[in-house]
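Peer 1: Need a 3D model of the sequence below.
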Amino acid sequence: MNNDYIVRGVAAFGQIRCFAITSAHLVEEARQRHGTSPVMTAALGRLLSGGAMMGSMMKGENDLLTLQIQCRGPAQGLTVTADAYGHVKGYPINPVVSLPASPAGKLDVGKALDLGVLTVIKDIGLKEPYSGQVQLVSGEIAEDLTYYFATSEQTPSSVALGVLMNKNNTVAQAGGYIIQLMPGTEDDVIDRLERKLKEAESVTTMLANGHTPESMLKDLLDEFQPVFSEERISASFSCNCSKERMERALISLGRKEIQKIVEEKESIEMNCHFCNSHYQFTVEELQQIQKKMGKA
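Peer 2: Residues are numbered from 1 along each chain as shown. Predicted coordinates for the structure are as follows:
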């Protein structure tokens, strides 16, 4: 049963806003769909968890957030999209990367990504989507999102993300939190919050010790009297691809291209990057598509 969800709240009488997620099921689904190696499961899982929380910050029902990492490390890049309802999907360019553990004995996501750029695109129904871009600070993803919020949105933030693997390389725990300071936050609140965050355990330690999104935030923000929204947002790996959408993509190739495929008398398979679903089109189905297109 999927019990992944996002919780949202405020603290210090509105001076702090906060988000937290537990996401082990959706990260495990992404792992299974893309056949990712452990370090890439961690990289994609962190970006999916961060993307889901950032998606929940949007207001409109058709708003869409895209996080795209282009990098020179062996991962090559990752793309994640999320909406305001906890639906998130994503894929790595290179799903299988093998690297030794970091000096701290952790999966070395920073080495897998190395130098690169993070682009955040928000399509919120305006003529042009909003787009912000920053250099990767560490490739560890949480620090990169923290840097993005500070530079592109001028919102001081603390982002923590984690994925813990089982010995059989399935996902044991995944999740994270985003804590942000609102304009005009008192200096005393900032200082106390910084001290508290420095002492904080890692996300994976907190989750492995049985913490929920609410209790993670309570632990971090207890002295600031956090208040949570009553509504939890269910989070899931969710892709809206379909055979109909793939057919529309085929039609966009044009009559000549489809005719070439028909003449080769072979069925073709189309693949969705985001969820790795495969769609087969027989020669007969391609001929039906030609008929739908009418005579040029």
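Peer 1: What about G210, how many residues nearby?
Peer 2: As a burial measure, G210 scores 7 neighbours (other Cβ atoms under 10 Å). (Each C-beta comes from the backbone N, C-alpha and C, glycine too.)
Peer 1: do the same with E264
Peer 2: Neighbour tally, E264, other Cβ under 10 Å: 10.
Peer 1: same check, this time on N166
Peer 2: For N166, the neighbour count with other Cβ under 10 Å is 11.
Peer 1: Which residue, other than its chain neighbours, is closest to it?
Peer 2: A172 (4.6 Å; Cβ to Cβ, 6 or more residues apart in numbering).
Peer 1: I'd guess the one you found is in a strand, am I close?
Peer 2: Yes - the assignment for A172 is a strand, going by DSSP: H, G, I helix; E, B strand; the rest coil.
Peer 1: so what's it up against?
Peer 2: Contact analysis of A172 by Cβ atoms under 8 Å, 6 or more residues apart in numbering lists A24, L164, M165, N166, A208.
Peer 1: what ranges do the helices span in this structure?
Peer 2: 24-34, 38-55, 109-113, 142-152, 187-199, 203-208, 213-221, 243-251, 255-263, 283-293 (DSSP state H).
Peer 1: Just tell me which of those helices ends up closest to I178.
Peer 2: helix 38-55 (5.3 Å; Cβ to Cβ).
Peer 1: From the chain's centroid, how far away is that closest one?
Peer 2: 4 Å (Cα atoms, centre = their mean, to the nearest Å).
Peer 1: what sits against Y130?
Peer 2: Counting by Cβ under 8 Å, 6+ apart, the residues that Y130 touches are I121, K122, I124.
Peer 1: Relative to M182, how far out is the last one?
Peer 2: Right, the one you point to is I124. Distance, I124 to M182, by Cβ to Cβ, to the nearest Å: 20 Å.
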